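Asks: give me coordinates for this.
(chains A and B)
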Amino acid sequence: MEIVLKGIAWIVNPAHWTSTAQNPSIGDRIGEHLLYTLISLAVCAAIAVPLGFAVGHTGRGRGFVILASNAARALPTLGLYAALLLAVGFGLLPITIVLVILGIPPLLAGIYSGIESVDRLTVDAARSVGMTELQILGKVEIPLGIGLIFGGFRAATLQIIATVTIAGYFGFGGGLGHYITFGIAANDFPQLAAGAILVIVLALAVDGILALIQRFVVPSVSGGTTHTMRTAGDGARHPAASYRTPIKEGH
Amino acid sequence: MEWVGTNVGLIWGLALSQIWLSIPPILIGFVLSVPLGYLANRNRLASSLLLSLGGILYTIPSLALFVAIPIVIGTSLLDPINVVVALTIYAVAIMVRTAAGAFAAVPRSVQDSATAVGFSRWQRFVTVDFPLAGPVLLAGLRVVSVSTVSLVSVGAVIGTSSLGFLFTDGFQRNFFTEIWTGIIGTIIIAAIFDLLLLLVGRITMPWNRRGRGAGRSVPRSVAAVTA
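Replies: You can find the predicted model right below:
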């Protein structure tokens, strides 16, 4: 535990918070880390949101999506990153591709299980009063399934924030992973611990903010349909869609 | 491809060590998560405690955890036990949540019936709760298995022998084939593990064939339990 204290000491050292030409400050590193996260999340959402809505609404292609998600989970991040660096060279693109591949499975799973979790009777009722399919999706399925959808978004965000750290490993500096890579290379364990602590705290802070948004902004539907993330008791309603690993069994 | 041919011995050795490093975290993670998940499902305090702890552990970057473990538990940096401990932590972090959900999905009425015909709590756990939670537990275990196999390769950054060596070495030598060999090898191992788990599921849970949802297969298993 001594190493954790040394890490904290490294973080609170004011010298590490002032940026110089050679050494960006901790604040700058956090900014980079968040920037990479945001870019990847945006790309993830651009792909997963329409796809998840389509799969959840029509029920078609679900088997394929699950298969593709599981295959993506098996892809070793480090290897993929190394291959992409050799293929496209240093820059923002390789790490973004890695993070997008990593972030899509949890986001996609949250979205389609959210849409699927809506009672089919409710959907049929909406259809019978003359709603178009798009209206059903927008006015019924998305609002009712928003809890799980948001849960998938939170899971993807956490996963990406934790993994941005590898951006630094092969030498493309940037993000908080720089401290970890540099700490390993220089046997500077306090700096390494500082990097790990900063990533964890950043991830928890972002998740905390998202949790608050979920509680106050995301509409909750009576009957507890949306609050499936927090308690095990509510998990009973959507056992297959628990928050971090929205697993679907049988595939 | 020529490179693969001449280095079969090296690749095979790395693959074997990747396999041996993957098995303990998956098994230990499962054995620890089942009781923890059961506990989380019965007790609100335990639930919020375990689930948020799991969330925190899961956000620790693997790169950092691999290096931090030897410092914290005092093993040597090259000891493969570091990777096993780190991956067991991730396995539990993922699996506890699934296990809690799996036990929560066991219908209350079935549990009550078991109690009514005189099952002790332990008997009920072994013969009712655990088998009925089985399909969801298996699904969670498959996620753990895939991510463990894939994460073992990150151990290469601290010099643990695994297919991840091909990533760092291939990158340094600017050699694509080597990296791709490592990626494909990792995926093949993950796929074999997954098939084995599926097979175990088929054998131990014959009532769950044809990919039915856990909830929907319950009535039959109820019949099996009460028969």
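
Asks: could you pull out the helices for chain B?
Replies: Ranges of helices in chain B, per DSSP state H, are B:2-6, B:8-42, B:44-59, B:62-73, B:81-104, B:108-116, B:121-124, B:130-152, B:164-172, B:176-204, B:218-226.

Asks: and these as JSON lines, adding distance to chain A, mean neighbour count and mean pLDDT?
Replies: Backbone N, C-alpha and C define where each C-beta goes, glycine included. JSON lines is the format used below for the helices of chain B (distance: least, C-beta to the nearest C-beta, whole Å; neighbours: other C-beta atoms under 10 Å in any protein chain shown; pLDDT from 0 to 100):
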{"stretch": "helix B:2-6", "distance to chain A": "15", "mean neighbour count": "10", "mean pLDDT": "78"}
{"stretch": "helix B:8-42", "distance to chain A": "5", "mean neighbour count": "19", "mean pLDDT": "89"}
{"stretch": "helix B:44-59", "distance to chain A": "4", "mean neighbour count": "17", "mean pLDDT": "81"}
{"stretch": "helix B:62-73", "distance to chain A": "3", "mean neighbour count": "22", "mean pLDDT": "79"}
{"stretch": "helix B:81-104", "distance to chain A": "4", "mean neighbour count": "25", "mean pLDDT": "88"}
{"stretch": "helix B:108-116", "distance to chain A": "9", "mean neighbour count": "14", "mean pLDDT": "86"}
{"stretch": "helix B:121-124", "distance to chain A": "17", "mean neighbour count": "13", "mean pLDDT": "85"}
{"stretch": "helix B:130-152", "distance to chain A": "4", "mean neighbour count": "25", "mean pLDDT": "88"}
{"stretch": "helix B:164-172", "distance to chain A": "4", "mean neighbour count": "22", "mean pLDDT": "85"}
{"stretch": "helix B:176-204", "distance to chain A": "4", "mean neighbour count": "18", "mean pLDDT": "90"}
{"stretch": "helix B:218-226", "distance to chain A": "11", "mean neighbour count": "15", "mean pLDDT": "34"}
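
Asks: and A:Leu204, which of those is closest to it?
Replies: helix B:44-59 (6.5 Å; C-beta to C-beta).

Asks: shouldn't B:Ala40 be in contact with B:Ala100?
Replies: Yes - with contact defined as C-beta atoms under 8 Å, B:Ala40 and B:Ala100 form a contacting pair (4.1 Å).

Asks: which residues touch A:Gly52?
Replies: A:Leu107, A:Leu108, A:Gly110, A:Ile111, A:Tyr112, A:Gly114, A:Ile115, A:Ile149 (C-beta atoms under 8 Å, 6 or more residues apart in numbering or on different chains).

Asks: which element is the fifth one on?
Replies: What it means is A:Tyr112. Following DSSP states H and E, one finds A:Tyr112 within helix A:92-116.

Asks: could you give me the buried positions within that helix?
Replies: A:94-116 (16 or more other C-beta atoms under 10 Å in any protein chain shown).

Asks: any residue of it up close to chain B?
Replies: No - contact of helix A:92-116 with chain B (C-beta under 8 Å from any C-beta of the partner chain) is absent, the minimum separation being 9.8 Å.

Asks: tilt between that helix and helix B:130-152?
Replies: Orientation check (axes from the mean of the first three to the mean of the last three C-alpha atoms, to 10 degrees): helix A:92-116 against helix B:130-152 gives 170 degrees.

Asks: and helix A:92-116, what other elements does it pack with?
Replies: Packing partners of helix A:92-116 (3 or more C-beta pairs under 8 Å, 6 or more residues apart in numbering or on different chains; DSSP states H and E): helix A:26-58, helix A:62-74, helix A:77-88, helix A:142-163.

Asks: report pLDDT for A:Arg230.
Replies: A:Arg230 carries a pLDDT value of 37.

Asks: that older thread, determine which two of the contacts of A:Gly52 are furthest apart.
Replies: A:Leu107 and A:Ile115 (13.0 Å).

Asks: mind listing the strands for the stretch 151-251 of chain A?
Replies: For the stretch 151-251 of chain A, applying DSSP state E, counting those that start in this stretch gives no strands.

Asks: how about the helices in it?
Replies: A:177-185, A:189-216, A:232-235 (DSSP state H, counting those that start in this stretch).

Asks: for B:Asn7, find the nearest of these.
Replies: The nearest among the helices of the stretch 151-251 of chain A, by C-beta to C-beta, is helix A:177-185 at 26.5 Å.

Asks: mind giving me the packing neighbours of the closest one?
Replies: helix A:26-58, helix A:189-216, helix B:62-73.

Asks: want to throw the helices of the stretch 151-251 of chain A into TSV with mean neighbour count and distance to B:Pro24?
Replies: Output for the helices of the stretch 151-251 of chain A, formatted as TSV (neighbours: other C-beta atoms under 10 Å in any protein chain shown; distance: least, C-beta to C-beta, whole Å):
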stretch	mean neighbour count	distance to B:Pro24
helix A:177-185	23	24
helix A:189-216	19	23
helix A:232-235	21	27
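
Asks: by mean pLDDT, show me the worst of the ones you listed.
Replies: helix A:232-235 (a mean of 38).

Asks: next, count neighbours for the closest residue to A:Val118 other than its chain neighbours.
Replies: Nearest residue to A:Val118 in three dimensions, chain neighbours excluded: A:Leu144, at 4.5 Å (C-beta to C-beta, 6 or more residues apart in numbering or on different chains). By other C-beta atoms under 10 Å in any protein chain shown, the residues close to A:Leu144 number 22.

Asks: distance check, the spatially closest residue to B:Gly170 that is not a sequence neighbour against B:Pro35.
Replies: Once flanking residues are discounted, B:Gly170 sits nearest to B:Glu178: 3.3 Å by C-beta to C-beta, 6+ apart. Separation of B:Glu178 from B:Pro35 (C-beta to C-beta, to the nearest Å): 43 Å.

Asks: same check, this time on B:Phe167
Replies: Counting by C-beta to C-beta, the gap from B:Phe167 to B:Pro35 is 36 Å.

Asks: next one: B:Leu197
Replies: According to C-beta to C-beta, B:Leu197 stands 20 Å off from B:Pro35.

Asks: B:Gly55 now?
Replies: 19 Å.

Asks: could you do A:Lys139 as well?
Replies: 44 Å.

Asks: try A:Gln159
Replies: Distance from A:Gln159 to B:Pro35, by C-beta to C-beta: 27 Å.

Asks: what's stretch A:68-80 in contact with?
Replies: Everything outside stretch A:68-80 that qualifies as a contact, by C-beta under 8 Å, 6+ apart, is A:97-98, A:101-102, A:104-105, A:108-109, A:163, A:166, A:169, A:251, B:142-143, B:146-147, B:149-151, B:153-154, B:156-157, B:163-164, B:166-168, B:179, B:182-183, B:186-187, B:190-191, B:194.
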